[in-house]
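> coords please:
(one chain, ligands or ions: 1)
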Amino acid sequence: MCGIVGYIGEKQAAPILLDGLAKLEYRGYDSAGLAVYKDGAISVQKAVGKLVNLVNKTDGGASLDGTLGIGHTRWATHGKPNETNAHPHTGSRFSLVHNGIIENEAKLRRKYLKDTEFVSETDTEVIVRLLDKFTEGGEDVDVAIMHLIDVLEGSYALAIIDSLDGDRMYAVKNKSPLLIGKGEGFNMIGSDAMAMIAHTEWFYEIHDKEFAIVSRDGVEIFTSYSQKIDREPYKAELDLSDVSKGTYPFFTIKEIEEQPLVIRRVLKEYQDETGELYIPEEILKDLRECDKIYIIACGTSYHAGIVGKYFFENISDKPADSYVASEFVYNTPKLTEKPFFIFISQSGETADSRAVLVKIKKMGYKALTITNVKGSTLSREANHTLLLYAGPEIAVASTKAYTAQVAVLAILAAAVENKIGINLKYELAVVANTMEGLCSDSELYSDLAREYLQNTRNCFYIGRGIDYYVCLEAALKLKEISYIQTEGFAAGELKHGTIALIEEGTPVIAIITQNNIDLNTRSNIDEVNARGAKSLIISMRSVSSHGDQIVVGDVHEMLAPLVSVVPAQYLAYYASYQRGYDVDKPRNLAKSVTVE
Ligand code: M6R
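Predicted coordinates for the structure are as follows:
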């Protein structure tokens, strides 16, 4: 989704802003822009498409002189991705960038801006016009910002500069993420710490409906009613090397290959001083006392959630279900008497999931967030948080966060009650080793992707039980980065309709890791083969057969998703790479989906 960077200091702002925007490219965008203040005027440059277009247009930022500025990458919601709709938006006095959606923009246009001529199709322009309006009688900017917070409904993270003031910029936030980077002789604003980590590792949080005045040597944070807030900065646990590709051609492959390390890190982080796996008692109490666990998530996190449901039911014997957040919020099922909610989100910022969290909190229920991002919205707003410790996930396609989510869910389920006596500390260590073995077979996956996926229009993943859950994730991975239309299917359900789509040469990939259903899935493979399918089998050694193309080493059956997903991630990666796509930034997608 959209990205924001702001800088005020002694150096030229534009190159720093462009560099910050480059760090946010992973979030997905379709246009970019900069606004820089100099001598009582603001200069704006925008470009559609990749950031490099803006870099070229501004000669790497050199053509925009000034030490105060804001930048933005836009993922279109209101209006087409063109230069007019790109941010920054500029009125008669202010220039601003915005992440989020203003829900009452039509009402605000009618009430305050009847005679205003708008140039863009965006909701953002309403904000800048309002700011002009609220200061036209000579009101102070901070008073106008408080007025703005009062009238705006929806989500917004704003960075604002004023053509009448070269010594400050403003940050305003509601629901959309925004941070202030604290420097020496400079300060920054960013929608994500990554945009600023090359310059500082110290950050201030801004909470909903707060605003900040950011100058070269200070940051002041206020409530929406002008009360100054005394807030200490915190040090980000982020390393610059975490956000660079190193020798890898794409973040996607780097992150796939980090998975053994991530599993080991999860194991380490969830051990107590005696070396036993540990989950805080207050979380376990809530989980043990509830009568059903409702897992809420989107996309890949939802796919981890359905594996989590399996763990709670099969390891802890606790009723659980996993729901797609965007459905749950408006089509809420009848809840049990004592529900407990688990939100799973890599970014911790997903608007659909947050909408459910807001709803269930209003209903008086408690929630735990499992996320990769400390201090993220879903983490702050839930009663408890468990972190994934996966390190920053930059590629749009989630890989290492999925396996970290599944591992944390297994640890959590076993901590609630370990009815099957699984030794997770040992079994997860086996998983990490097996993953390592899988990562040394990348040539095989590359060859298979070329053979099965290079020219196909569509593809099917089939499996049963927990393998079916992995098929859903494998299919999402393949379709989102290679654009091959792929469906994950319950193998037994195929013959009830979908088998009609099998033609000569249609790739059908089966995942087979479970002892009780391996023969059934193999029969389904025979059925599709008889209709011309080109089948590829990913099996676990204990249930493998001669001729299976990918055989993964044995792990505890319950943890099979952690290893069977790895070849599927590789196949998706190579299918995209071999087609010449930008694997890390698939079209139309954003890393952190902060609009509903
Ligand atoms: O940050 P979240 O885990 O809440 O994001 C949820 C989905 O948007 C995300 O998993 C998406 O499906 C990925 N592109 C999958 O690779």
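> now for Val416: which residues touch it?
With contacts defined as Cβ atoms under 8 Å, 6 or more residues apart in numbering, Val416 is in contact with 284, 287-288, 312, 316, 318. Heads up, the C-betas are built off the backbone N, CA and C, glycines and all.
> swap the cut-off to 7 Å and go again
Neighbouring residues of Val416 by Cβ atoms under 7 Å, 6 or more residues apart in numbering: 284, 287-288, 316, 318.
> now swap in Asn53 and tell me
So Asn53 contacts Ala47 (Cβ under 7 Å, 6+ apart).
> pretty sure it sits in a helix.
Yes. The assignment for Asn53 (DSSP: H, G, I helix; E, B strand; the rest coil) places it in a helix.
> can I get the buried part of the contacts of Val416 as one PyMOL selection?
What follows is the PyMOL syntax selecting those of the contacts of Val416 that are buried according to 16 or more other Cβ atoms under 10 Å:
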select buried, resi 284+287+316+318
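> sort out for me which of the contacts of Val416 are in strands.
Among these, none falls in strands (DSSP state E).
> output the contacting helices and strands for the helix or strand containing Gln569.
In this structure, Gln569 sits in helix 560-578 according to DSSP states H and E. Here helix 560-578 touches helix 251-257, helix 400-416, helix 424-439, helix 442-453, helix 466-482, strand 534-540, strand 550-552, going by 3 or more Cβ pairs under 7 Å, 6 or more residues apart in numbering; DSSP states H and E.
> contacting residues for the nearest residue to Phe460 once chain neighbours are set aside?
Nearest residue to Phe460 in three dimensions, chain neighbours excluded: Val508, at 4.7 Å (Cβ to Cβ, 6 or more residues apart in numbering). In this structure, Val508 makes contact with 460, 462, 502, 528, 533, 535, judged by Cβ under 7 Å, 6+ apart.
> one more: Gly190?
So Gly190 contacts 4-5, 20, 179, 181, 196 (Cβ under 7 Å, 6+ apart).
> next one: Phe134
Contacts of Phe134 (Cβ under 7 Å, 6+ apart): 144, 147-148.
> 6 Å - rerun?
Phe134 makes contact with 144, 147, according to Cβ atoms under 6 Å, 6 or more residues apart in numbering.
> that one in helix, strand or coil?
helix.
> and the stretch 151-300 of the chain, which residues reach the ligand?
With the criterion set to Cβ under 6 Å from any ligand atom, the stretch 151-300 of the chain comes near the ligand through 298-300.
> how about the strands in the stretch 151-300 of the chain?
156-162, 165-174, 179-182, 187-190, 202-205, 210-215, 218-222, 228-229, 234-235, 292-297 (DSSP state E, counting those that start in this stretch).
> could you redo the contacts of Val416 as a markdown table and give each row pLDDT?
Converted to a markdown table, the contacts of Val416 look like this (pLDDT from 0 to 100):
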| residue | pLDDT |
| --- | --- |
| Leu284 | 98 |
| Leu287 | 97 |
| Arg288 | 97 |
| Ser316 | 96 |
| Lys318 | 97 |
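> among the contacts of Val416, which are in helices?
Taking DSSP state H as the definition of helices, the contacts of Val416 contribute 284, 287-288.
> just those now: which is nearest the ligand?
Of all the ones in helices among the contacts of Val416, the ligand sits closest to Leu287, with 20.8 Å by Cβ to the nearest ligand atom.
> the spatially closest residue to Ser544 that is not a sequence neighbour: neighbour count?
The shortest distance from Ser544 to any non-neighbouring residue, by Cβ to Cβ, 6+ apart, is to Val551 (4.6 Å). Residues near Val551, counting by other Cβ atoms under 10 Å, number 17.
> from the ligand, how far out is Val551?
26 Å (Cβ to the nearest ligand atom, to the nearest Å).
> how about the residue in the stretch 251-400 of the chain that the ligand sits nearest to, nearest residue that isn't a chain neighbour?
Nearest residue of the stretch 251-400 of the chain to the ligand, counting by Cβ to the nearest ligand atom: Gly299, 1.9 Å away. Nearest in space to Gly299, with sequence neighbours left out and distances taken as Cβ to Cβ, 6+ apart, is Leu476 at 6.7 Å.
> next one, pLDDT for that neighbour please.
Note on Leu476: pLDDT of 98.
> got it, and the one 5 residues further on?
We note a pLDDT of 96 for Ile481 in this prediction.
> ok, it - contacts?
Neighbours of Ile481 in contact, by Cβ under 6 Å, 6+ apart: 397, 572, 576, 583, 586.
> same thing but at 10 Å, please
250, 252, 395-397, 569, 572-573, 575-577, 579, 581-587, 589 (Cβ atoms under 10 Å, 6 or more residues apart in numbering).
> for Asn433, same thing?
So, once contact is read as Cβ under 10 Å, 6+ apart, Asn433 ends up touching 260, 263-264, 553, 555, 563.
> same question for Leu164.
37, 40, 93-94, 135, 141.
> ok, of those, which come out buried?
37, 93-94, 135, 141.
> can you add distance to the ligand, pLDDT and secondary structure and give the residues you listed back as a markdown table?
Shown next, in a markdown table, are those (distance: Cβ to the nearest ligand atom, whole Å; pLDDT from 0 to 100; DSSP: H, G, I helix; E, B strand; the rest coil):
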| residue | distance to the ligand | pLDDT | secondary structure |
| --- | --- | --- | --- |
| Tyr37 | 34 | 98 | strand |
| Arg93 | 37 | 97 | coil |
| Phe94 | 32 | 97 | strand |
| Thr135 | 37 | 97 | helix |
| Val141 | 34 | 96 | helix |
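> okay, now the unreliable bits of the stretch 101-250 of the chain?
238-242 (pLDDT under 70).
> quick check: the residue of it nearest the ligand.
For the stretch 101-250 of the chain, Cβ to the nearest ligand atom, closest residue to the ligand: Pro177, 11.5 Å.
> okay, buried residues for the helix or strand harbouring Leu357 please.
Following DSSP H and E, one finds Leu357 within helix 351-362. Using 16+ other Cβ under 10 Å as the test for burial, helix 351-362 gives 351-357, 359-360.
> want to try CSV for these, with pLDDT and distance to Leu409 as columns?
Formatted as CSV, those follow (pLDDT from 0 to 100; distance: Cβ to Cβ, whole Å):
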residue, pLDDT, distance to Leu409
Ala351, 89, 23
Asp352, 93, 20
Ser353, 96, 16
Arg354, 93, 20
Ala355, 92, 22
Val356, 96, 18
Leu357, 95, 18
Lys359, 94, 23
Ile360, 96, 19
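> fine, thanks again, bye for now.
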